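Chemist: can you look at this prediction? I've put the sequence above it.
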Amino acid sequence: MASSFREVLKSDKFIVTSEIGPPKGTNVEKMLHHIDLLKDKVDALNVTDHQSSVMRFPSIGGCLAIKEHGGEPILQVTCRDRNRLALQAELLFAYTRGITNVLCLTGDAVVVGDHKGAKGVFDLDSAQLLHTIRQMESGKDLGGNDLDGTVAFCAGAIVTPEANPIEPQLIKFEKKVEAGAEFFQTQAIYDLDKFTKFTEYARQFPVKILAGIILLVSAKMAKYMTDNVPGVTVPQNLIDELAAAPKGEAINKGIEIAGRMIATLKKESICHGVHIMAIGKEEVVPDILKAAGLAT
Amino acid sequence: MKSITKQKPFEEIQRQLEGLDRVYIAGCGTCATMTRTGGMDEVVAMRGRLQELGKLVTGWTVIPTACDEMTEAAIKDNDGAIQNAACILAMSCALGVHKLSTYIGKPVLPALDTLFIGVEDSPGCFQEVCAQCGQCVLGETAGICPLTACHKGLLNGPCGGTNNGKCEVDREKDCAWTLIYQRLAEQGRLDLMRRFHSPRDYSTVPRPRMTRIA
């Protein structure tokens, strides 16, 4: 990963990002192993920010580790846990440590996580956070005060291309573009027809779309995703394909499906790249890349 | 305005009353009666439960509107029984507890938790529609408050957690922004939803909030 993520975004390259889940605790060995495994195989690595509202080692800590190991980090920042002072302070700190890619998210609700009694902050929302970054780049903080030393970020956001109804999500998407998002990593997509409709619409905006690829490890997981993850529908043919895999082989089928989808997205130029989320199975991301024909 | 309350778990009421054996109970004839948390029936039932605990209930009343100025007069009418009690158990919203505390030089303990200011959508079903934030945006959101009706209080549209018009925290609850979208679409005013809302100004009416009519 010689070039910065923004340079990659500007190029015609098919972009590949993946994500690192920090540990619940101080044992960072596994996280560092995943970083070493993936840092040279993808264009950038996201580090999740208390994903699903489950308290963990912070995103900024994972990003620093990626930096130290020679990788390109994307700092995930949610609005759930910090008010506008803390968010700006985190951005100042990140910038001074060479972390210059930020993914702005609203954040999951507190009650879905493991500290259900905590206060959800949501002082800002994702569009306002993007706006905050651009304001800080102009040399002023959100209070209108001068910054002694400013920031420059490559900022991104997320979108759910298969949400129902889709229209309110598209309005939010456009607001995020206007607020300064340069790239979008999408919620998991499985229905390429629906996703293609979205990218045809999104093409009018000067942003890069990276399709969210969540590795399916079993038919059970696929059904769970459809039933429980908002805006995600795994088509029945994929569930059947996973169910038909011999015992213990479902994950390999999942790798094959993910690889096949990525290959199609690239071949048919449906989007600008992919964001691979293996959720606990980071070990197999290189296999997904191989299955997609993106690595040897 | 309706102050929506629910009765505290009885164990908590019992804990508050530890060491206080003589109790006067005050209900409220307005909101708490409507929500069936502090009307006459509930006050009488509470008296029975406290007596079972071995407490002496020196008297009880249902004040017409506990948060009202008339509460002072209602208290005076019951002065003997109140003086005879070690504390007052208030079966009203927190406004009533506040008011009673200003008139009575004895501990006033809440028997209810005050949940929100709400409206009765259908009989017995109360809904919070206003968070009394001090910066009304209803003109731009088709009369549905995103600060109140959206779990995260988002001002710029839905989060990614919405699914089929429902909220990620509760499949029974509507996604506020889906409702706002639908209503604005019907009104031909979707341009309002495209407008960027800056972060809210929480200094507009800082706590403790107070206002005087000029």
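Modeler: Structure's in. What do you need? This structure is a prediction, so every number in the text was calculated from the model and none was measured.
Chemist: longest strand anywhere in chain B?
Modeler: Secondary structure of chain B per DSSP state E: the longest strand is strand B:112-122.
Chemist: and A:I214, what does it touch?
Modeler: A:A188, A:M225, A:V232, A:M277, A:A278, A:I279 (CB atoms under 8 Å, 6 or more residues apart in numbering or on different chains). No exception for glycine: its C-beta is placed from N, CA and C like everyone else's.
Chemist: if we use 7 Å, what do you get?
Modeler: Shown in contact with A:I214 (CB atoms under 7 Å, 6 or more residues apart in numbering or on different chains): A:A188, A:M277, A:I279.
Chemist: over to A:F93?
Modeler: Counting by CB under 7 Å, 6+ apart, A:F93 has contacts A:I60.
Chemist: that one: helix or strand, and which one exactly?
Modeler: helix A:84-96 (DSSP states H and E).
Chemist: any idea how far the next helix or strand after that helix is from the chain center?
Modeler: As assigned by DSSP H and E, the chain's next helix or strand after helix A:84-96 is strand A:101-105. Distance of strand A:101-105 from its chain centroid, counting by CA atoms, centre = their mean, to the nearest Å, is 8 Å.
Chemist: on that earlier part again, buried set for the helix holding A:F93?
Modeler: A:R84, A:L87, A:Q88, A:E90, A:L91, A:A94, A:Y95 (16 or more other CB atoms under 10 Å in any protein chain shown).
Chemist: circling back: show me just the buried residues among the contacts of A:I214.
Modeler: A:A188, A:M277.
Chemist: how about the contacts of A:I214 in CSV, adding pLDDT, secondary structure and distance to B:E168?
Modeler: Listed next are the contacts of A:I214 as CSV, based on pLDDT from 0 to 100; DSSP: H, G, I helix; E, B strand; the rest coil; distance: CB to CB, whole Å:
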residue, pLDDT, secondary structure, distance to B:E168
A:A188, 96, strand, 15
A:M277, 97, strand, 18
A:I279, 90, coil, 18
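Chemist: closest one of the contacts of A:I214 to chain B?
Modeler: In terms of CB to the nearest CB, no member of the contacts of A:I214 lies closer to chain B than A:A188, at 10.9 Å.
Chemist: so that closest one makes contact with A:V232?
Modeler: Yes: the pair A:A188 and A:V232 qualifies as a contact (CB atoms under 7 Å) at a distance of 5.0 Å.
Chemist: chain A contacts on chain B?
Modeler: Neighbours of chain A within chain B, by CB under 7 Å from any CB of the partner chain: B:151-165, B:168-169, B:177-178, B:181, B:193-194, B:196, B:199.
Chemist: among those residues, which ones are buried?
Modeler: Here, 16+ other CB under 10 Å leaves B:151-163, B:165, B:168-169, B:177-178, B:181, B:193, B:199 buried among those.
Chemist: now the terminal residues of stretch B:99-111, how far apart.
Modeler: End-to-end distance for stretch B:99-111, by CA to CA, to the nearest Å: 15 Å.
Chemist: next: stretch A:261-281.
Modeler: 18 Å.
Chemist: tell me which residues are up against it.
Modeler: Counting by CB under 7 Å, 6+ apart, A:14-19, A:21, A:185, A:192, A:195-196, A:199, A:208-215, A:217, A:284-285, A:288, A:292-294 sit against stretch A:261-281.
Chemist: report the buried members of those.
Modeler: By 16+ other CB under 10 Å, the contacts of stretch A:261-281 give A:14-19, A:21, A:185, A:192, A:195-196, A:199, A:208-215, A:217, A:284-285, A:288, A:292, A:294 as buried.
Chemist: quick one: A:K208 from A:A157, how far?
Modeler: Separation of A:K208 from A:A157 (CB to CB, to the nearest Å) stands at 11 Å.
Chemist: show me what contacts residue 31?
Modeler: Picked chain A for this. By CB under 7 Å, 6+ apart, the contact list for A:M31 reads A:I20, A:P22, A:P23, A:G62, A:A65.
Chemist: other chain: chain B
Modeler: B:K2, B:S3, B:C93.
Chemist: per-residue pLDDT, the second one?
Modeler: What it means is B:S3. With respect to pLDDT, B:S3 scores 96.
Chemist: pairing partners for the helix or strand containing it, with directions?
Modeler: Under the criterion of DSSP H and E, B:S3 resides in strand B:2-7. Applying DSSP bridges, strand B:2-7 is found paired with strand B:112-122 (antiparallel).
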